[in-house]
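**Q** Using only what follows, build the 3D model:
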Amino acid sequence: MPLARTALPPTPGPGPTRERPVSLVARDLPADVSVGAHSHEWGQLTYAHNGLMRVSAENSSWIVPPQRAIWIAPHVVHAVTMMEAARLSPLRIHASRDPFRGETCRVVEVSGLLRELIAALETGEQPRDPGRAALIGELILDELARAPSRPIRVPLPRDKRLQSLCEALLAAPGDTQTLAGWAHAAGASERTLARLFERELGMSFGQWRQQVRLAHGVSLIARGMPLWQVAQQLGYASQSAFSAMFRKTFGSTPSSFFADDRAVGSRSLRN
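**A** Predicted structure coming up:
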């Protein structure tokens, strides 16, 4: 991914307290800006109402569309890059109310109810009635604990030669260049790069690129892009080829996968 043109500090504003365990300060961010590596004493649910973002933490990267959010545990160093313009609405959750104890990072489905609760807490940035804000926070914590996990994790390397290669593919997942083609730009032999992929990421170059493409594919489908266009953008020969790879990885077709997501959201609203 190209380096972001602008680096921003973390969002200012008050953190959560025991009396008010959930707080939120939203801001509108343009594309190609990043919130540099940082950590908090509190946990954070990184969520954007619209647009697409990339969250990096724990030597991994997640592509996060509006239907998803990612939990970052207290004291975990993370960074956020906006791939599109979006309103970033990070939920700050007091460490004593961690909804996913033992997990440093977790991608969750954002139900319709959870989305509305976040919007209610966000109204006016600082709700005038602290009692109401606390009640909304409790409802958010209850709904968040029920949210299904949707892990689409892309591991990231430490080796600088792999870092440049991986960043470039994250920016252009449809690139069809072979590992031999990347070797010259990376300043290493094809054999060396292949060995580094296995040692640092536990998979081959082809497997890692597939993970990247699927992560982007899920995000694009979630935002309503037709399957044929997703397949084309990600470098697949056909829609059926992309669907076959999707089914092999997730155990269902793209249409079934997202039908399950919609059913989860409907059940949450009914409950």
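**Q** Would you mind writing the CA trace of stretch 133-148 as CSV?
**A** Taking C-alpha atoms only, stretch 133-148 is exported to CSV below (Å, rounded to 0.1, in the frame of the first residue of the first chain):
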residue,chain,number,x,y,z
ALA,A,133,-24.9,7.8,27.8
ALA,A,134,-24.1,5.2,30.5
LEU,A,135,-27.2,3.2,29.6
ILE,A,136,-26.3,3.3,25.9
GLY,A,137,-22.8,2.1,26.8
GLU,A,138,-24.2,-0.8,28.7
LEU,A,139,-26.4,-1.8,25.8
ILE,A,140,-23.4,-1.5,23.5
LEU,A,141,-21.3,-3.8,25.7
ASP,A,142,-24.1,-6.4,25.8
GLU,A,143,-24.6,-6.3,22.0
LEU,A,144,-20.8,-6.4,21.4
ALA,A,145,-20.4,-9.5,23.5
ARG,A,146,-22.9,-11.3,21.2
ALA,A,147,-21.3,-10.1,17.9
PRO,A,148,-20.1,-13.0,15.7
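**Q** tell me the average confidence for that stretch?
**A** Regarding stretch 133-148, the rounded mean pLDDT is 92.
**Q** Now that stretch: buried residues?
**A** Across stretch 133-148, burial judged by 16 or more other C-beta atoms under 10 Å covers 133-134, 136-137, 139-141, 143-144, 146-147. C-beta coordinates here come from the backbone N, C-alpha and C atoms, glycine included.
**Q** Ok, stretch 11-30 next?
**A** 11, 16, 20-26, 29.
**Q** Is residue 36 within a helix or a strand, and which one?
**A** Take DSSP states H and E as the rule and residue 36 turns out to sit in strand 33-38.
**Q** Average pLDDT for whichever helix or strand comes after that strand, rounded please.
**A** The helix or strand immediately downstream of strand 33-38 is strand 43-46, counting by DSSP H and E. Averaged over strand 43-46, pLDDT sits at 96.
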